[in-house]
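[1] All I have is the shape, not the residue letters:
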């Protein structure tokens, strides 16, 4: 979502940090480019103006111009101000679900992803907070809207209110409140109807439902691709209904990101969550410091660790860690690591969260280093016999032809995979002999020690400990417990090492 803005700002700050000493004229010129970049990203004019003013006030003082690293000081100031714009005076509070059954009213225009977001939030509360959730659709206008929510409820394993044809939105809301109370539910989601535009009929209906439901939270779902108009929609809904937070959807798209940068500053309402895809788990909490880091190309290593934590299987990873410590690494290990990368969102997602790698993602994709390549490599490994996976040295020319044909690929691609495996196996042996692997595992344990079975108890780590785990990942060990292959800028991730690939070119 912030790719174009990140590229523009990256170019500006690269020149600043390489310049050495900075004059006020240098800072002014850079900030003019930043202002242009913000406006091109569809950020509100008033927000862009205030942002530049705040940065300029801090960046033109003697503390910066006389600093040993003035360019980096300016980048830090921009980072701090981005956090202030995105997060307001404080972080977004958690959803208020302390008084069961707590009602959450979902509002927004038609096509914004309201129904899907409702299901995503319900899944999140069920799995992470162990809440008993009831979903109810109040959309009596859109064909099959109620059936859609019922199907999604079945997919995520929560209950939905039985559909009664002919009821109004207010009647459905009353019935849902009664069933939530008598059924012992913790949270009730009311998915209201939308319109293609804001009108009196829409607002009257939502206000009537709000008065009946008495919601603890009223979340506005806005399509992030609508740009600056998303801010106008938020202001309208807040003025007429009163919202407590915003959920931005389709933030994985190619929009310019201006809605996110303007939303909090103009409406004063926190952005609670962002939708990053159609899958039911493609929902992330919105944290200003992490988003600011991504925009400025600093990555989001903590989010990467958390994503690994959510996807790795403890028993399997523990077994792999023991093998790696002994310097053992066969084709089965490589396949598990490639599969782990896909589970974590794929190559582009991982690169986007690594510091300094955002700009390399496009070049990697053009060079053919993408998720399709990972799937082809997994197909090649799956075409091998058990003996061949355990001992790749058995692969003579005739075996290679058979394996490549079985995967529907060329022998040259298999040779590249074997070369990659050999490089990684050699690295594992060196790390095992030198004690580096043992040290990486110890680092990953964090200050809190290890959980049962010798693996780190990541669920109870604080941010500082997560950072330590991230550093362990970056220093050479694969993903958590052996999750990622080495090579992604020194961390482990892309076959043969992206950095090496680009140096050759």
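    Perfect, I can see it now. Quantities reported herein were computed from a predicted structural model and do not represent experimental measurements. Numbers count the residues shown, from 1 in each chain.
[2] When you work out contacts or count neighbours from here on, use the C-alpha atoms and nothing else.
    OK.
[3] Could you measure from the residue nearest to residue 281 when sequence neighbours are not counted over to residue 138?
    Take residue 281 and drop its neighbours on the chain: the residue closest to it by C-alpha to C-alpha, 6 or more residues apart in numbering is residue 120, 6.4 Å away. Residue 120 sits 17 Å away from residue 138 when distances are taken as C-alpha to C-alpha, to the nearest Å.
[4] if we can go back for a sec, what residues of the strand or helix carrying the residue nearest to residue 281 count as buried?
    For residue 120, the enclosing helix or strand under DSSP states H and E is helix 114-129. Using 16 or more other C-alpha atoms under 10 Å as the test for burial, helix 114-129 gives 114-126.
[5] hmm, back to that, would you enumerate the residues in contact with the residue nearest to residue 281?
    Counting by C-alpha atoms under 8 Å, 6 or more residues apart in numbering, residue 120 makes contact with 280-283.
[6] what does stretch 405-422 contact?
    So stretch 405-422 is contacted by 330-331, 334, 376-377, 379-380, 383, 392, 400-401, 404, 495-496 (C-alpha under 8 Å, 6+ apart).
[7] Could you list the paired strands of whichever helix or strand comes after the helix holding residue 120 along with their orientation?
    For helix 114-129, the following helix or strand on the C-terminal side (DSSP H and E) is strand 133-137. With DSSP bridges as the test, strand 133-137 is paired with strand 159-160 (parallel), strand 187-191 (parallel).
[8] which strands and helices sit next to the helix or strand following strand 133-137?
    Downstream of strand 133-137, the next assigned helix or strand under DSSP H and E is helix 145-156. Here helix 145-156 touches helix 114-129, strand 133-137, strand 159-160, going by 3 or more C-alpha pairs under 8 Å, 6 or more residues apart in numbering; DSSP states H and E.
[9] now the first one and strand 133-137, what's the angle there?
    I take that to be helix 114-129. Counting by axes from the mean of the first three to the mean of the last three C-alpha atoms, to 10 degrees, helix 114-129 points 180 degrees away from the direction of strand 133-137.
[10] ok, back up a step: closest to residue 387 out of the helices and strands packed on helix 145-156?
    The closest of the helices and strands packed on helix 145-156 to residue 387 is helix 114-129. By C-alpha to C-alpha, the value is 39.6 Å.
[11] Quick check: mean pLDDT of that closest one?
    Mean per-residue pLDDT for helix 114-129: 92.
[12] Same check on stretch 338-346?
    What stretch 338-346 shows for mean pLDDT is 77.
[13] State the distance from the residue nearest to residue 281 to residue 177.
    Residue 120 sits 21 Å away from residue 177, going by C-alpha to C-alpha.
[14] do residue 193 as well
    Per C-alpha to C-alpha, residue 193 is found 17 Å from residue 177.
[15] still on that earlier bit, can you add mean neighbour count and mean pLDDT and give the strands paired with strand 133-137 back as CSV?
    Formatted as CSV, the strands paired with strand 133-137 follow (neighbours: other C-alpha atoms under 10 Å; pLDDT from 0 to 100):
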stretch, mean neighbour count, mean pLDDT
strand 159-160, 20, 94
strand 187-191, 28, 95
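[16] Mind checking these for the one nearest to residue 204?
    strand 187-191 (15.5 Å).
[17] That closest one versus helix 145-156: what angle between them?
    Going by the same axes, to 10 degrees, strand 187-191 makes 140 degrees with helix 145-156.
[18] Turn the contacts of stretch 405-422 into CSV, columns for neighbour count, pLDDT and secondary structure.
    Formatted as CSV, the contacts of stretch 405-422 follow (neighbours: other C-alpha atoms under 10 Å; pLDDT from 0 to 100; DSSP: H, G, I helix; E, B strand; the rest coil):
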residue, neighbour count, pLDDT, secondary structure
330, 17, 87, coil
331, 23, 90, helix
334, 23, 87, helix
376, 17, 90, helix
377, 22, 91, helix
379, 18, 92, helix
380, 24, 93, helix
383, 19, 93, coil
392, 15, 89, helix
400, 20, 93, helix
401, 16, 93, helix
404, 21, 92, helix
495, 22, 36, coil
496, 21, 34, coil
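[19] any idea how this protein splits into domains?
    Domain assignment for the chain, taken from automatic domain parsing, gives 3-87, 102-295, 301-504.
[20] pretty sure residue 285 is touching residue 274, no?
    Yes. In this structure, residue 285 is within contact of residue 274 by C-alpha atoms under 8 Å, at 6.4 Å.
[21] who has more neighbours, the two?
    Neighbours per residue, other C-alpha atoms under 10 Å: of residue 285 and residue 274, the larger number sits with residue 274, 25 against 13.
[22] Chain neighbours aside, what residue packs nearest to the more buried one?
    Spatial nearest neighbour of residue 274, excluding adjacent residues (C-alpha to C-alpha, 6+ apart): residue 248 at 4.7 Å.
[23] gap between that neighbour and residue 222?
    Residue 248 is 5 Å from residue 222, where distance means C-alpha to C-alpha.
[24] who has more neighbours, those two?
    residue 222 (29 against 26).
[25] Which elements pack onto the helix or strand harbouring that one?
    Using DSSP H and E, residue 222 sits in strand 217-223. Applying 3+ C-alpha pairs under 8 Å, 6+ apart, one finds that strand 217-223 contacts strand 102-107, helix 229-240, strand 245-249.
[26] Could you tell me the angle between the direction of the shortest one and that of strand 217-223?
    Looking back up the chat, that one is strand 245-249. Angle of strand 245-249 versus strand 217-223, following the same axes, to 10 degrees, is 30 degrees.
[27] hey, where'd the strands end up in the stretch 251-400 of the chain?
    For the stretch 251-400 of the chain, applying DSSP state E, counting those that start in this stretch gives strands covering 271-275, 283-285.
[28] need the ones you listed in JSON lines with mean pLDDT, can you?
    Formatted as JSON lines, the strands of the stretch 251-400 of the chain follow (pLDDT from 0 to 100):
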{"stretch": "strand 271-275", "mean pLDDT": "86"}
{"stretch": "strand 283-285", "mean pLDDT": "83"}
